[in-house]
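>>> For reference, the sequence and a predicted model appear below.
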Amino acid sequence: MDLSSDQVVMKLVEMGFEKLDALEAVKAVGNSCDDAVEYILKGHQTTGGFKPASSLCFTRSTKTLGKRAMPSSFSSGSKRQSSLLDHFRSVDQKKKKGDSFGNAVVVTVSDSSEEQRKSFAPVCLESSFFTETELRNGCSEASSTWEKRVMSILRNRFGISSLRSFQREALSTWIAHKDCLVLAATGSGKSLCFQIPAILTGKIVVVISPLISLMHDQCLKLSRHRISACFLGSGQLDNRIEEKAMQGMYQIIYVCPETVVRLIKPLQKLAKTYGIALFAIDEAHCVSKWGHDFRPQYRRLSVLRENFCASNLEFLEYDIPIMALTATATVHVQKDIIESLHMSKETTTVLTSFFRPNLQFSVKHSRTKFASSYAKDFQNLIDLYSENKKSNGKKLAVISRESEKQTDFVYHDAENIHETDYDEDEEDQEDFLAKKNNSNGKGLSEEYLEDETDTFQSVDDWDVACGEFLEMPHELLDMHIPSEKQKDLEGLTIIYVPTRKESVNIAKYLCGVGLKAAAYNASLPKKHLRQVHQDFHDNKLQVVVATIAFGMGIDKKNVRKIIHYGWPQSLEAYYQEAGRAGRDGELAECVLYADLLRAPTLLPSRRSKDQTAQAYKMLSDCFRYGMNTSQCRAKILVEYFGEDFSSKKCNICDVCTEGPPEQVNVREEANLLFQVITAFHVENNSEHAPYEDYGLGNSKQKKLSNKPNLMFFISRIREQCQKFKETDCLWWKGLARIMEAKGYIKEMDNKDIRVEIKFIQPTERGNKELDFQDDKPLYVYPEADMLLSLKQDRTYSGFSDWGKGWADPEIRRRRLERREKKPRRKKKPRKERSRGPSSKLHPWRRSKE
Ligand SMILES: Nc1ncnc2c1ncn2[C@@H]1O[C@H](COP(=O)(O)OP(=O)(O)OP(=O)(O)O)[C@@H](O)[C@H]1O
Ligand SMILES: [Mg+2]
């Protein structure tokens, strides 16, 4: 399809490129998206400094981090399926024949010589594989025997000395022909649970997996363990690989949900001829609508049970077992997985701790939306990767400021801070975004499209649709294992960001200061994405700046840091992404940088009404995790997944190491807020007219003033109580959250749940425990936003000003009039707006001074 230049520019901007770069590229190369991308990625862009992974980003040095150089024989092409690069090379060759970027490409790497065919069959060459008779009676007859054989497989194939207890449990469930749901932490070794059955029985294992990149990663690893495997995506497949798979030529078949549904008949034939040992559904949380990464195609996998059960296929003695595996499923999601997949009522749930003792969690406040924060927030990272940390520390800082000057995006965004910063009250903002979300993505502004997000990923995240991996010969094994001398390296970092644009901007910034960084988001060319993966695996990159599109299930040992730069959408997503760190068991850092001064908003995505409510609930849990100052972070995370961690703590998170803040007595404030809320409800339930609406014309404002909105209560307190006149809204918001958690107040409108409590109602418990006369101390830990609101140098006074206007009808009327005439008010520069050193302080802070 021919695109106009405007359309190409739009597409590039959607991918996360700067508009200026896109315009220049189109001007230079014409209306070809591919060429334009190539043009920008090769570094011709106006803003300079950014060289993504396709050009290897070696802005400081061309020396690779990996110690092993590829031998010359590596590229000779004489060995079949010998390497990842060979594999890719064949793709490139194909592409040269006229494939345009983004189209699925078929990977074929082996010829069909007789010798090679011999190497495929029989499927399982393990001398000690289990016979059907041995397995027939489940583990009762053979329990010690199968464990011995598994041990031998582990040692000989995987170089592992023993099974973990959850792996043993999952395997014995499978041996007993039962379905199994395996819930185990990221990096704990779930893959082995479905890989071993193939080697043990000589039958085939079919693994359903959500992404090509993940399937590829696993196949490559298997080939190193001398296990043949293939992957089948959903694009245009090479019939030969599919045919070979259906003829039992690979021990493990990785397949995406779309394709497995299409292949039911051939798979039934395969079950009859070779036997299928197991259907494994990896990343099974994708099945659930209530999970964080729902894929509608996963829901269709119930066809597996229907079509591979003994009652339907006479040659089967038992239903082919289903094993579903995930690291992030809440109790609700676990139930949904079992039901949706039509797993048996006797499904065994193998549950291990979600706790990862080597992950060090922390939360830091940052205005992440603004590029002006990068220099401060990434300085440590820059220092870490600078070659001569100590001597070059200062130099790098200078480079970073220099590059801010050169790359106009930094200061451009910084200038905008005051225009967008607290321009609208949070309720308005949330409503606005809620409407956007509910409009199914229609009518999004251009600005919003520019900030497009990766909320849903298709399976085909790379420019390969399928591939085969044969057992890698011994002599090649060593040279293809990427160098991972973790101790010698600083390790790798993944920075997760909410939007595509941020992924490009931050990668650009980091490259500008000399780091080997690359952007990764689903709209970048698939070829680039594959290259980033490869460079990441080969330790040629230091930092990958990615949206959620990167890394699910990828097993890379030396990821030392996961930075979330901006709020994640759920704790499930957060824990899944954080779990990509420290898979070698060594200490790894997981830092969440988030704007703690305002509640996060949902990213645009197509959701039903129910899903929207659920999405808000998940976001709200995430927000509360960020606001927490007193509980061990690992404890919050694992308890979120239903694990009992009550008496434990991690001892390494920021809360455990720094300790909680000093408790404060909020008795007076809690009583006061509760009284104001109760008074409102008494007034409105009585004969009196609804609450005065100040005669304002704007229907939305009218609606708010008639509802028990927190901001309204705050303004009433300010009106009535001189002592709290200057107390920041953030402080009250934090208190309201604490009161809600204690069950003193609750959301009035259950259908309209947002991230923060909005329309408040008193509860029975509040009535009992917040008596106005009661002056018994009520000690609480102030939350992160409350603490920030008390900082003297805090410059964000928008809420309190806004509150004043709300309280004073005259000010409010004038403000609204002004707004109607001129919708977006240009605010004064920050300096003039900042409060004096101690002008607006909460009373108990003032008394401390
Ligand atoms: N019994 C074991 N002993 C030692 N190491 C093991 C064992 N089982 C698996 N491993 C190793 O653990 C690492 C992680 O395995 P795997 O990729 O299967 O994790 P996972 O549980 O699937 O994680 P994710 O949830 O992120 O997909 C692998 O490198 C594997 O070799
Ligand atoms: Mg996995």
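Great, that's in hand. Ligands and ions are numbered 1, 2, ... in the order given.

>>> What residues does the stretch 451-600 of the chain have near ligand 2?
Within the stretch 451-600 of the chain, the positions adjacent to ligand 2 are residue 553 by CB under 5 Å from the ion. In short, each C-beta sits where N, CA and C put it, glycine included.

>>> Just the closest residue of the stretch 451-600 of the chain to ligand 2, please.
Minimum separation of the stretch 451-600 of the chain from ligand 2 (CB to the ion) falls at residue 553, amounting to 3.9 Å.

>>> Contacts only, for that residue.
By CB atoms under 8 Å, 6 or more residues apart in numbering, the contact set of residue 553 is 209, 211, 214, 217-218, 282-283.

>>> Most widely separated two among these?
Farthest pair in the contacts of residue 553 (CB to CB) is 217 and 283. Separation: 12.4 Å.

>>> pLDDT weak spots in the stretch 51-200 of the chain?
51-144 (pLDDT under 70).

>>> Show me which residues of it sit near ligand 1.
160, 163-164, 167, 184, 186-192 (CB under 6 Å from any ligand atom).

>>> Just give the nearest non-adjacent residue to the closest residue to ligand 1 within the stretch 701-849 of the chain, would you?
Proximity of the stretch 701-849 of the chain to ligand 1 (CB to the nearest ligand atom) peaks at residue 755, 27.5 Å away. Nearest-residue entry for residue 755: residue 599, 4.3 Å, with adjacent residues in sequence omitted and distances by CB to CB, 6 or more residues apart in numbering.

>>> What's the local residue count around the one you found?
Residue crowding around residue 599 was assessed by other CB atoms under 10 Å; the count is 21.

>>> Tell me how far it lies from residue 622.
To residue 622, residue 599 is 10 Å away according to CB to CB, to the nearest Å.

>>> My guess is the residue of the stretch 701-849 of the chain closest to ligand 1 contacts residue 616. True?
Yes. Contact status for residue 755 versus residue 616: in contact at 6.3 Å, counting by CB atoms under 8 Å.

>>> For the closest residue to residue 330 other than its chain neighbours, which residues are in contact?
Counting by CB to CB, 6+ apart, residue 330 lies nearest to residue 641, which is 5.8 Å off, once chain neighbours are set aside. The neighbourhood of residue 641, defined by CB under 8 Å, 6+ apart, consists of 183, 328-331, 354, 575.

>>> ok, now how distant is residue 641 from residue 352?
Separation of residue 641 from residue 352 (CB to CB): 11 Å.

>>> Can you work out which residues contact both of these two?
With CB under 8 Å, 6+ apart, residue 641 and residue 352 have common neighbours residue 183.

>>> any idea how far the residue of the stretch 701-849 of the chain closest to ligand 1 is from ligand 2?
For residue 755, the distance to ligand 2 equals 31 Å [CB to the ion, to the nearest Å].

>>> OK, contacts around that residue?
430, 599-601, 616, 619-620, 623.

>>> Enumerate the positions of stretch 26-45 that are buried.
Within stretch 26-45, the residues scored as buried using 16 or more other CB atoms under 10 Å are 26, 29, 32-33, 35-41, 45.

>>> Quick check: phi and psi on the residue nearest to residue 755?
Main-chain torsions, residue 599, degrees, to the nearest 10: phi -70, psi 140.

>>> Kindly provide the distance from it to residue 639.
Residue 599 sits 22 Å away from residue 639, going by CB to CB.

>>> part of a helix, is residue 743?
No. Going by DSSP: H, G, I helix; E, B strand; the rest coil, the assignment for residue 743 is coil, not a helix.

>>> Let me know how buried the residue lying closest to it once chain neighbours are set aside is, in neighbour terms.
Of all residues not flanking residue 743 in the chain, residue 765 sits nearest, at 4.6 Å (CB to CB, 6+ apart). Residues within reach of residue 765, counting by other CB under 10 Å, total 13.

>>> And for the host helix or strand of residue 765, what's in contact with it?
If you go by DSSP states H and E, residue 765 is part of helix 764-769. With contacts defined as CB under 8 Å, 6+ apart, helix 764-769 is touched by 674, 678, 739, 742-745.

>>> Cross-check the contact I'm expecting between residue 342 and residue 309.
No. With contacts counted by CB under 8 Å, residue 342 stays clear of residue 309, the gap being 9.3 Å.

>>> burial measure for the residue in the stretch 101-250 of the chain that ligand 1 sits nearest to, as a count.
Ligand 1 sits closest to residue 189 of the stretch 101-250 of the chain, with a gap of 2.5 Å, by CB to the nearest ligand atom. Neighbour count for residue 189, taken as other CB under 10 Å: 17.

>>> what do you get for residue 541?
Residue 541: 28 neighbours (other CB under 10 Å).

>>> Quickly find the element holding the nearest residue to it once chain neighbours are set aside.
In space, and not counting its chain neighbours, residue 541 is closest to residue 535: 4.7 Å by CB to CB, 6+ apart. Using DSSP H and E, the element containing residue 535 is helix 526-537.

>>> Tell me the buried residues in stretch 366-385?
Buried-residue list, stretch 366-385, by 16+ other CB under 10 Å: 366-375, 377-378, 381-382, 384-385.
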